[in-house]
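*Asks:* Give the three-dimensional model of this entry:
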Amino acid sequence: MSIDLEERRLRELLDRLDSRLHAVQMIAEVDLDNAALREGIPGPYLDNIKESALVDALIHLSRSNLEDLWQLVKMEELPLGVR
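*Replies:* Purely as a prediction, here's the structure:
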């Protein structure tokens, strides 16, 4: 594989990972805000179903991030462990 193609694949992988990490952070902050309102008035802005959907999204994004991280480790032969 050419170096340019490998660098482009690496950059795309890093960009996807960065984007999803930001999405995970934002969803977690929304979920945390919602939990803080649970006991207050007017109460949480997400019901249990919507909150569960957010947690499912967090799980999916986190798994996807982990897969990309391991792919990055494998591509760059980083000494972070063996999967």
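*Asks:* could you give the mean pLDDT of stretch 57-71?
*Replies:* Taken as a whole, stretch 57-71 has an average pLDDT of 91.
*Asks:* which outside residues touch that stretch?
*Replies:* Stretch 57-71 is contacted by residues Leu13, Arg16, Leu17, Arg20, Leu21, Ala23, Val24, Ile27, Ala28, Asp31, Arg83 when judged by Cβ atoms under 8 Å, 6 or more residues apart in numbering. Backbone N, C-alpha and C define where each C-beta goes, glycine included.
*Asks:* Quick check: buried residues in that stretch?
*Replies:* Leu58, Leu61, Asn65, Asp68, Leu69 (16 or more other Cβ atoms under 10 Å).
*Asks:* What of stretch 5-23?
*Replies:* For stretch 5-23, by 16+ other Cβ under 10 Å, it's Leu13, Leu17, Arg20.
*Asks:* Tell me the spacing between the second one and Arg38.
*Replies:* Here Leu17 is placed at a distance of 32 Å from Arg38 (Cβ to Cβ, to the nearest Å).
*Asks:* re the thing from before, tell me the one among the contacts of stretch 57-71 nearest to Ile49.
*Replies:* Nearest to Ile49 among the contacts of stretch 57-71: Asp31, at 13.5 Å, using Cβ to Cβ.
*Asks:* Please verify my assumption that that closest one contacts Glu51.
*Replies:* Yes: counting by Cβ atoms under 8 Å, Asp31 touches Glu51, with 6.6 Å between them.
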